[in-house]
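Colleague: Quick one: sequence and predicted model below, then my questions.
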Amino acid sequence: MRILERTAVKAGQRVSVQVPATSANLGPGFDSLGLAVGLYDTVSVETTEDGIFRAQVTGEGASALPTDESHLIIRTLRETLESAGFSAAGLRLRAENVIPHGRGLGSSAAAIVSAVLAANALLPAEARLDAAQILQRCSELEGHPDNVAPALAGRLAISWEEDGTFFSTAVDIDPEVVPVVAIPAYELSTETARNLLPDMVSHSAAAANSGRAALLVQALTRDPSLLLPGTVDALHQAHRAPAMRPSADLIQALRAAGFAAVVSGAGPTVMTLAAGAEQADAVEALIADHLKSSDSPDGWRVLRLAVDTEGARVRVHPRN
């Protein structure tokens, strides 16, 4: 068997990447809409010559994530280098995790995006991927573009796939839109949430969702007064509700009060798209009252976040 020889990237390179959290679906935009929000993971990578691949992890997942070459970012970074015909003799990774894991805020997409962008920055200029190729690779690794696209470009990403190729366009959000997230202490894997979905949906459900998704884009970009009807979903949230009953109950309470609450990604985080700061105040007050009066488990965090407008940021540090 022939072993493919690869060119080693230069040792002593240092790159850091900051990637925002993302919320996919936003109700009716199943696997197609994603919003970047102001909660960030930061990854720093240094190439070495010692043959060792090691990670230092702080923050979310620090006690559970591997610190050797099996770490997702190290694996993805090495695979991305190898796909371009290069390798690294060794790597030191420092991951400062702020995005919660298993909560529907794009933590795995952030890891993939940070790894691909870091690898790309370590490559010589003539071997680097362009923006379309980066989106393609990240989407293939994640399985879909709805989180990686806004993580890369910021804002609201509208994504689609055609004959195996992924595409996305980013649009600006109305400045009155204020995302408020309620993050529970319990986790829910994307795989578990996807396994709850039916194999087929009715024509009426598909038609209803297409109309609401179109309305949601208008609501997010031009007319936040339409956020409540624009976030009605007929495809996935009801099927996933039994796996995240406290989150589903909170969404029901918020929507009954007139607030545009949805499952963030596959859940169980609840995202409410408030129309202005005053409505965000009311959303936070209702969440607090609901959590006190219901039998929801303890440990919820409620955060008012900005919409991220830049996406992932890459910094190449001077060599010592």
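Modeller: Arrived safely, thanks for sending. Residues are numbered from 1 along each chain as shown.
Colleague: residues contacting G27?
Modeller: 212, 216, 230-233, 237, 260, 262-263 (Cβ atoms under 8 Å, 6 or more residues apart in numbering). For the C-beta atoms, the positions are set from N, CA and C on the backbone; glycine is no exception.
Colleague: Are we agreed that it is in a helix?
Modeller: No: assigned with DSSP: H, G, I helix; E, B strand; the rest coil, G27 falls outside any helix and is coil.
Colleague: one step back: identify, from the contacts of G27, the entry nearest to S189.
Modeller: The closest of the contacts of G27 to S189 turns out to be V263 (Cβ to Cβ; 14.0 Å).
Colleague: contacting residues for that closest one?
Modeller: Contacts of V263 (Cβ under 8 Å, 6+ apart): 25, 27, 104, 236-237, 240, 244, 247-248, 251, 269-271.
Colleague: Which of these fall in strands?
Modeller: Those of the contacts of V263 mapping onto strands are 25, 270-271, per DSSP state E.
Colleague: which residues does A24 bridge with?
Modeller: Taking DSSP bridges as the rule, A24 bridges to G34.
Colleague: Contact partners for it?
Modeller: Here A24 is in contact with 31, 33-34, 104, 106, 146-147, 264-266 (Cβ under 8 Å, 6+ apart).
Colleague: between the residues you listed, which is closest to G311?
Modeller: For these, the nearest to G311 is G34 (11.1 Å; Cβ to Cβ).
Colleague: Run a quick neighbour tally on P20.
Modeller: 31 (other Cβ atoms under 10 Å).
Colleague: Can I take it that it is in a strand?
Modeller: Yes: per three-state DSSP, P20 lies within a strand segment.
Colleague: Show me the strands in the stretch 1-150 of the chain, by range?
Modeller: 7-8, 14-25, 29-48, 53-59, 86-87, 90-97 (DSSP state E, counting those that start in this stretch).
Colleague: Report the angle between the third one and strand 53-59.
Modeller: Using axes from the mean of the first three to the mean of the last three Cα atoms, to 10 degrees, the direction of strand 29-48 lies 120 degrees away from that of strand 53-59.
Colleague: Could you measure from the most centrally placed residue in the chain over to F259?
Modeller: Among the residues of the chain, the one closest to the centroid is G106, at 2.4 Å (Cα atoms, centre = their mean). The gap separating G106 from F259 is 22 Å, by Cβ to Cβ, to the nearest Å.
Colleague: go on, A110?
Modeller: From A110 to F259 the distance is 27 Å (Cβ to Cβ).
Colleague: more neighbours, the two?
Modeller: Between A110 and F259, counted using other Cβ under 10 Å, A110 has the larger neighbour count: 30 against 23.
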